[in-house]
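Peer 1: coords below, sequence missing:
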């Protein structure tokens, strides 16, 4: 995912709390057995995107937020 790559490239410039939140979001995003299975549910990716987007906003990186609808065909 392009957004996660961009976060990782700028990782060292992020303040500690922002790194913790984003690390947790990336971990949640990469888990396949979270609250809604990513491929077994129509909203499986949306819960991951909501968590990632909330943490990106907290870190002041709103421009990296993802739109789950962009990934409907993947």
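Peer 2: Sure, I can see it. Computed from a prediction, not measured in an experiment: that's the story for all the values here.
Peer 1: hey, which helix or strand in this structure has the poorest pLDDT?
Peer 2: Lowest on mean pLDDT, DSSP states H and E among the helices and strands of the chain sits helix 44-58, with a mean of 87.
Peer 1: for that one, packing partners?
Peer 2: Applying 3 or more CB pairs under 8 Å, 6 or more residues apart in numbering; DSSP states H and E, one finds that helix 44-58 makes contact with helix 2-9, helix 16-30. Just so you know, the C-beta spots here come from the backbone N, C-alpha and C atoms, and that holds for glycine as well.
Peer 1: how far out from the middle of the chain is that helix?
Peer 2: With CA atoms, centre = their mean, to the nearest Å as the basis, helix 44-58 stands 5 Å off its chain's centre.
Peer 1: Below-threshold pLDDT in this structure: ranges please.
Peer 2: For the chain, the stretches with pLDDT under 70 are 1, 32-44, 71-74.
Peer 1: tell me the centre residue of it?
Peer 2: Closest to where the C-alpha atoms of the chain average out (CA atoms, centre = their mean) is residue 52, at 2.7 Å.
Peer 1: Tell me how many other residues crowd the closest residue to that residue other than its chain neighbours.
Peer 2: Excluding its sequence neighbours, the residue lying closest to residue 52 (CB to CB, 6 or more residues apart in numbering) is residue 25, at 4.8 Å. Neighbours of residue 25 under the rule other CB atoms under 10 Å: 22.
Peer 1: With residue 31 instead?
Peer 2: 11.
Peer 1: cool, and residue 30?
Peer 2: Using other CB under 10 Å: residue 30 sits among 12 other residues.
Peer 1: Please report how far it lies from residue 63.
Peer 2: Remark: distance between residue 30 and residue 63 (CB to CB, to the nearest Å) = 21 Å.
Peer 1: got it, and residue 2?
Peer 2: 11 Å.
Peer 1: just how off-centre is stretch 20-33 within its chain?
Peer 2: Averaging C-alpha positions (CA atoms, centre = their mean) puts stretch 20-33 7 Å from its chain's average.
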